[in-house]
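Trainee: Generate coordinates for the sequence data below:
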Amino acid sequence: MSTHADDHAYEPVRPPAPVAGRLGLLLDHAQLRLAELSGAALAPYGINGRHLAVLSVLAGGELLSQQEAARLLAIDRTTIVTLIDELERMRIVARHPHPGDRRNNVVDLTDEGRALFDKARRAAEEAERRFLAPLDDATAQRLRDSLHRVIIAGPPTR
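Mentor: Next up, the predicted model:
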């Protein structure tokens, strides 16, 4: 087994035949592998994938409140508060009054946070590239597109 830091302890496992084609199992295993690669890529920056997701929506250029960021990420209020508190302690984000509505606060990346985000985003993209390396570019894009369609469409209504 390799001791390279990027490889961690991942060992490919071939699921037993009765469950090998189960979508839930395949998605779980894929997510675990991607999280492992992403976690290793983000570790040098002191953040994790959830932090990067928050930074990604905040870096979009639009002034967002915590609640707006939570809605965009489809996470609950308690989780977004915890994540933003962590990022604020690291001086990566700051809360401040909205310039157009001082009754509301917005969260924005600090200069240090913006620099960290740029580096961390590139590291995460490289981890995704490594994750998708067994697929050719067109297949990788189809996978992304297909998952996006499934997520956006939601379950069929009766």
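
Trainee: tell me which residues in the lengthiest strand in the chain are buried?
Mentor: What stands out as the longest strand in the chain, according to DSSP state E, is strand 101-109. Burial within strand 101-109, assessed by neighbour count using 16 or more other CB atoms under 10 Å, is assigned to 106-107, 109. Backbone N, C-alpha and C define where each C-beta goes, glycine included.

Trainee: Would you tell me what the next helix or strand after that strand is?
Mentor: Later in the chain than strand 101-109, the nearest helix or strand by DSSP states H and E is helix 111-131.

Trainee: Show me how far the helix or strand just after that next one is from its chain's centre.
Mentor: Scanning the chain past helix 111-131 towards its C-terminal end, the next helix or strand to appear is helix 137-153 (assignment: DSSP H and E). Centroid separation between helix 137-153 and its chain, computed with CA atoms, centre = their mean, to the nearest Å, is 16 Å.

Trainee: quick check, nearest of the buried residues of strand 101-109 to Glu88?
Mentor: Among those, Val107 lies closest to Glu88 (CB to CB), at 8.1 Å.

Trainee: Wait, that closest one touches Ser65, no?
Mentor: Yes: A contact is recorded between Val107 and Ser65 when judged using CB atoms under 8 Å, the distance being 7.0 Å.

Trainee: Any stretches of the chain with poor pLDDT?
Mentor: Regions of the chain meeting the criterion pLDDT under 70 cover residues 1-12, 154, 157-158.

Trainee: If we use 50, what do you get?
Mentor: Screening the chain residue by residue with the criterion pLDDT under 50, one finds the ranges 1-7.

Trainee: Okay, and the beta partners of Val93?
Mentor: In this structure, Val93 bridges to Leu109 when assessed by DSSP bridges.

Trainee: Ok, the one 4 residues further on next?
Mentor: The residues paired with Pro97 through beta bridges, assigned by DSSP bridges, are Asn105.

Trainee: Can you get me a residue count around it?
Mentor: Applying the criterion other CB atoms under 10 Å, we find 11 residues in the vicinity of Pro97.

Trainee: which residues does it contact?
Mentor: Neighbouring residues of Pro97 by CB atoms under 8 Å, 6 or more residues apart in numbering: 104-106.

Trainee: cool, and Arg77?
Mentor: Arg77 is in contact with 66-67, 70, counting by CB under 8 Å, 6+ apart.

Trainee: that older thread, and the angle for the longest strand of the chain with helix 111-131?
Mentor: For strand 101-109 against helix 111-131, the angle between stretch directions is 50 degrees (axes from the mean of the first three to the mean of the last three CA atoms, to 10 degrees).
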